[in-house]
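In: Model the following, please.
(chains A and B)
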Number of protein chains: 2
Amino acid sequence: MSKLLVIGCGGVAGVAIAKCCQNSDVFTELCIASRTKSKCDAVKEKLQPTTSTVITTAQVDADSKEQLVQLIKAYQPDAVLNVALPYQDLTIMDACLECKVDYIDTANYEPENIDDPAWRAVYDKRCKEEGFSAYFDYSWQWAYKEKFEQAGIMALLGTGFDPGVTSVFSAYALKHYFDEIETIDILDCNGGDHGYPFATNFNPEINLREVSAPGSYWENGHWVEIPAMAIKREYDFPEVGMKDMYLLHHEEIESLAKNIPGVKRIRFFMTFGQSYLTHMKCLENVGMLSTKPINYEGKEIVPIQFLKALLPDPASLGPRTVGKTNIGCIFTGTKDGKKKTIYIYNVCDHQECYKEVGSQAISYTTGVPAMIGTALVITKQWQGKGVFNVEEFDPDPYMDMLNKFGLPWVVDENPATVE
Amino acid sequence: MSKLLVIGCGGVAGVAIAKCCQNSDVFTELCIASRTKSKCDAVKEKLQPTTSTVITTAQVDADSKEQLVQLIKAYQPDAVLNVALPYQDLTIMDACLECKVDYIDTANYEPENIDDPAWRAVYDKRCKEEGFSAYFDYSWQWAYKEKFEQAGIMALLGTGFDPGVTSVFSAYALKHYFDEIETIDILDCNGGDHGYPFATNFNPEINLREVSAPGSYWENGHWVEIPAMAIKREYDFPEVGMKDMYLLHHEEIESLAKNIPGVKRIRFFMTFGQSYLTHMKCLENVGMLSTKPINYEGKEIVPIQFLKALLPDPASLGPRTVGKTNIGCIFTGTKDGKKKTIYIYNVCDHQECYKEVGSQAISYTTGVPAMIGTALVITKQWQGKGVFNVEEFDPDPYMDMLNKFGLPWVVDENPATVE
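Out: Here you go, the predicted model:
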């Protein structure tokens, strides 16, 4: 018997909820809550006939701690799964603290307005201290560690694919394949094609921000920062083929650098097609990616928001996207005194995901691990007091569930490496 | 003794007026009128100390025939030079008819809203009859021929560079170099660099429309239409170098096809850099070139108008543009039974134009011929009753004035031709 409160009702939430409903032994009751209750009702209507999980719905403004506390007190869940916007992580954590309920999410906190002066003052100071300027980071949520310990509850951060599965792959590699891991290269390849000359797979603002932020990687105990898109490599991805990929900062590097003892280098690469990058560059050149409002005929308009209104709705891409994703990690290190290299990855097919849950692989690969992490917290296979990243727990039950719930993985013990 | 009324006070008007002031023997008095009188006053203030031409200014809405008639009756000019927007050609012609005053312009009429249903109905019908779908055309103004004849006045259409000088080059070639012209290739090369990744040299909407409209050329007595930018050639332009150029429809083809007897083919090519075209394509792909308003947060916004607000003001390009333009025509034909080919062209330096009149070569090459055509009408070196294009008159005095007023030309009797 368990009760889960799910906050958020977008693409990832839809997959996570559908997967909870496939796992009714663990998830006996769940409540879907978001700003727009009708969206929650629609999900309930679609899934309830297929599952013995008892689904209810509620309206909540996830920016309001008071509303969240009220809802948690009324529903009395065993855990809260946050699949709302990353802007709302801290409010939801505050509400969980007040109600002493475990917290799970898939993406690290970032402020809605990165130019907000109060936020920037703190952030810029910290960046300066760490010699580091990328936008994404865990420090805001790690700061809740003591409070969660004192409340006797746990927060499980970043149980999506990357971060999430990639970190579990790392813990699994360390447990079963290495005495010591020297390098980790995380490769995120989307070989999908939606047929539009240009569209973004999720919120365009976050998508575009990722490409224009400086890249960084971890090496020999410190961060190395590079200009946006300055390091490019080619890789021949199993089941997808040869793709260009670029080094980006990504949040799991921050936690893996802390949690994988002795690791010397961690890098993250994501594939982007030339056409996507050309569109981005042209849009940037004319000022369309700016987050600074301009006055247009008496109205303040943020160019990137206006662009978002012109682009295809990311939710509309699902039915038309074909091809596969391949996300995984290449590890080098030593075992019994011998050097070795392995590559653990998952391949996911956009159309098969769409047939199963009505979302393409980008949402699917995040929503499935969200369910898995939540199941491990609810069943107390993973437990603790404080704030945790996924690689801090035993990877084996998580890896088993990936195979069982649609994200089977492969270990290649003789992969090509990345220069 | 003469009086000229100039309607319009933008970049081209500024050059045309400055050039009138350099030719005070012909232009003894002129009045500058536009919607914003302060702009006219600023031009007057700058030029009056340099010239014996007596300059006055007035406010007028060129969309209002009534206001135009009132102004013409008050000022009593010998001619009206229209250097306002092409949207206003017909209103100004109507006012000239009512007042029986000669009319001169540099660009053919087009409606402000090409999607206006009333306009489209007439236009589409005509296009269908002529098997032709490009946007620019002279038919609207040629329809005034009889009315101008009956009023005993003349309209001189299109005395800019292209149309304008290119047509005079054609008349000159026919008069002095050929018994019969077989082909005309008009080449418009802008080798200027403003240093921005993307900007347009004049109103972006008109600039962008030109590139996205179908191309067409005249061959063997009929129009051949091609998809936008479908025909590309390279040419090594004197004083500029090798450039890519694309076949476009252009209005002087329409009149030259009528006025150059026996001509078999007329084409127009304009140079565009790859970066310009890539930006255009990307902006088109995301919908930023659309002229159809979208509802954005309760406000109707036309994407291309919003883009215009983001791009550098074309007027700001003058001081930073370096390099040269090269515009001219390659003629093939026969003289005394022998085949021959000649190339007549002008090269104009952006920075030299800016030093002389405060505008770069794009405005300069249009403004100087506007003054020349007007001078020939006012001095009655060119006279007639009806509506005329420049190639219908003796080219010699016009060609002399080009040399004298800043647009010297070259005849190359052994040029490379265009495939």
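In: and the stretch 151-300 of chain A, which residues reach chain B?
Out: By Cβ under 8 Å from any Cβ of the partner chain, the residues of the stretch 151-300 of chain A that approach chain B are A:197-198, A:278-279, A:282-283, A:285-288, A:294, A:296-297, A:299. Any C-beta I mention is one placed from the backbone N, CA and C, and that applies to glycine too.
In: Dump those into a markdown table; add neighbour count and secondary structure as well.
Out: What follows is those, written out as a markdown table (neighbours: other Cβ atoms under 10 Å in any protein chain shown; DSSP: H, G, I helix; E, B strand; the rest coil):
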| residue | neighbour count | secondary structure |
| --- | --- | --- |
| A:Pro197 | 13 | coil |
| A:Phe198 | 19 | coil |
| A:Thr278 | 16 | helix |
| A:His279 | 23 | helix |
| A:Cys282 | 24 | helix |
| A:Leu283 | 24 | helix |
| A:Asn285 | 19 | helix |
| A:Val286 | 21 | coil |
| A:Gly287 | 17 | coil |
| A:Met288 | 23 | coil |
| A:Ile294 | 15 | strand |
| A:Tyr296 | 18 | strand |
| A:Glu297 | 11 | coil |
| A:Lys299 | 13 | strand |
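In: Which single one of these is nearest to A:Glu29?
Out: Within these, the smallest distance to A:Glu29 is 42.3 Å, found for A:Phe198 (Cβ to Cβ).
In: what's the spatially closest residue to the closest one that is not a sequence neighbour in contact with, if anything?
Out: Leaving out its chain neighbours, the residue that sits closest to A:Phe198 by Cβ to Cβ, 6 or more residues apart in numbering or on different chains is A:His279, at 4.3 Å. For A:His279, the contacting residues are A:197-198, B:282, B:285-286, by Cβ atoms under 8 Å, 6 or more residues apart in numbering or on different chains.
In: How about A:Met280?
Out: With Cβ under 8 Å, 6+ apart, A:Met280 has these contacts: A:208, A:211-212, A:289.
In: so it is in which element?
Out: helix A:274-285 (DSSP states H and E).
In: where exactly do the strands run in the stretch 101-250 of chain A?
Out: A:102-105, A:154-157, A:180-190, A:215-219, A:222-226, A:232-237, A:241-247 (DSSP state E, counting those that start in this stretch).
In: how about the CA coordinates for the first one, as PDB?
Out: What it means is strand A:102-105. Coordinates of each C-alpha in strand A:102-105 appear next as PDB, following Å, rounded to 0.1, in the frame of the first residue of the first chain:
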ATOM      1  CA  ASP A 102      10.200  12.200   0.900                       C
ATOM      2  CA  TYR A 103      11.000  14.200  -2.300                       C
ATOM      3  CA  ILE A 104      12.100  13.000  -5.800                       C
ATOM      4  CA  ASP A 105      12.900  15.000  -8.900                       C
END
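In: Run through who's touching that strand.
Out: So strand A:102-105 is in contact with A:78-83, A:89, A:92-93, A:96, A:148, A:153-159, A:370, A:373-374, A:377-378, going by Cβ under 8 Å, 6+ apart.
In: and it, which strands flank it?
Out: With DSSP bridges as the test, strand A:102-105 is paired with strand A:79-82 (parallel), strand A:154-157 (parallel).
In: which parts of it are buried?
Out: For strand A:102-105, the neighbour count (16 or more other Cβ atoms under 10 Å in any protein chain shown) marks A:102-105 as buried.
In: Please apply the same query to the fourth one.
Out: Buried positions in strand A:215-219, judged by neighbour count with 16+ other Cβ under 10 Å: A:215-218.
In: show me the contacts for the closest residue to A:Glu392 other than its chain neighbours.
Out: Counting by Cβ to Cβ, 6+ apart, A:Glu392 lies nearest to A:Asn259, which is 5.9 Å off, once chain neighbours are set aside. A:Asn259 sits next to A:167, A:171, A:389, A:391-392 when contact means Cβ under 8 Å, 6+ apart.
In: returning to what we had before: dump the contacts of A:Met280 to TSV, plus distance to B:Gly10, pLDDT and neighbour count.
Out: Below are the contacts of A:Met280 laid out as TSV (distance: Cβ to Cβ, whole Å; pLDDT from 0 to 100; neighbours: other Cβ atoms under 10 Å in any protein chain shown):
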residue	distance to B:Gly10	pLDDT	neighbour count
A:Leu208	36	73	20
A:Val211	39	78	20
A:Ser212	36	78	13
A:Leu289	31	86	20
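In: Which of those lies at the shortest distance from chain B?
Out: A:Leu289 (10.6 Å; Cβ to the nearest Cβ).
In: Let me know the secondary structure of that closest one.
Out: Classification of A:Leu289 by DSSP: H, G, I helix; E, B strand; the rest coil places it in coil.
In: how about it, phi and psi?
Out: The phi/psi pair for A:Leu289 (degrees, to the nearest 10) reads phi -90, psi 0.
In: what does the one 3 residues further on give?
Out: Phi and psi for A:Lys292, reported as degrees, to the nearest 10, are phi -90, psi 120.
In: That one: how many residues sit nearby?
Out: Here the number of neighbours of A:Lys292 (other Cβ atoms under 10 Å in any protein chain shown) works out to 10.
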